[in-house]
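In: how does the following fold in three dimensions:
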Amino acid sequence: MKRRTEVEWRALFEAQATSGLTAAAFCYERGVNPAYFSVRRRRWLGESVVRQARTALSAFVPVALPRPVETSILELQLGPTLQLRVPTSVSPGWLAELLQTLRD
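Out: Purely as a prediction, here's the structure:
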């Protein structure tokens, strides 16, 4: 069995992935033991996943969320049965238009 470097194994894995062949067919054409190819590929993929995870973890940025601001509520009693509660941040023009519509 030919001894291969990590670079050569990586090139084989990439060549197999783009070849359109199954791993077994690819190995048969190249004279590579399919079982050993699978072992090396799993090991390489596992190391690749660990590298990606380390990179992703280092990309986190701390985030500070602003505290929610308490808004004041304007409460209007319109007759005996209608009560309207709106935040004081609502546009006065919108509120006037709403009240005019309710009055009509």
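In: mind checking what helix or strand follows the worst-scoring helix or strand of the chain on mean pLDDT in sequence?
Out: When each helix and strand of the chain is scored by mean pLDDT, DSSP states H and E, helix 34-58 comes last, with a mean of 75. Per DSSP states H and E, helix 34-58 leads on to strand 73-78 as the next helix or strand towards the C-terminus.
In: what does that following strand contact?
Out: Contact with strand 73-78 is made by Gln83, Leu84, Arg85, Val86, Pro87, Thr88, Val90, Leu95, Leu99, Leu102, as judged by Cβ atoms under 8 Å, 6 or more residues apart in numbering. Heads up, the C-betas are built off the backbone N, CA and C, glycines and all.
In: how far does that strand sit from the chain's center?
Out: With Cα atoms, centre = their mean, to the nearest Å as the basis, strand 73-78 stands 43 Å off its chain's centre.
In: same deal with stretch 70-83?
Out: 42 Å.
In: CA atoms of stretch 72-91 as PDB?
Out: This file holds the C-alpha atoms of stretch 72-91, laid out as PDB (Å, rounded to 0.1, in the frame of the first residue of the first chain):
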ATOM      1  CA  SER A  72     -47.000  55.900  29.900                       C
ATOM      2  CA  ILE A  73     -50.600  55.000  29.000                       C
ATOM      3  CA  LEU A  74     -53.300  57.400  28.300                       C
ATOM      4  CA  GLU A  75     -56.700  56.000  29.400                       C
ATOM      5  CA  LEU A  76     -59.900  57.600  28.100                       C
ATOM      6  CA  GLN A  77     -63.400  56.700  29.200                       C
ATOM      7  CA  LEU A  78     -65.900  57.300  26.400                       C
ATOM      8  CA  GLY A  79     -69.300  56.800  27.800                       C
ATOM      9  CA  PRO A  80     -70.300  54.100  30.300                       C
ATOM     10  CA  THR A  81     -69.100  51.200  28.200                       C
ATOM     11  CA  LEU A  82     -66.100  52.300  26.000                       C
ATOM     12  CA  GLN A  83     -62.600  52.600  27.400                       C
ATOM     13  CA  LEU A  84     -59.600  53.400  25.200                       C
ATOM     14  CA  ARG A  85     -56.000  52.800  26.300                       C
ATOM     15  CA  VAL A  86     -53.200  54.200  24.100                       C
ATOM     16  CA  PRO A  87     -49.500  54.900  24.800                       C
ATOM     17  CA  THR A  88     -48.700  58.600  25.200                       C
ATOM     18  CA  SER A  89     -46.300  58.200  22.300                       C
ATOM     19  CA  VAL A  90     -49.200  58.000  19.900                       C
ATOM     20  CA  SER A  91     -49.600  60.900  17.400                       C
END
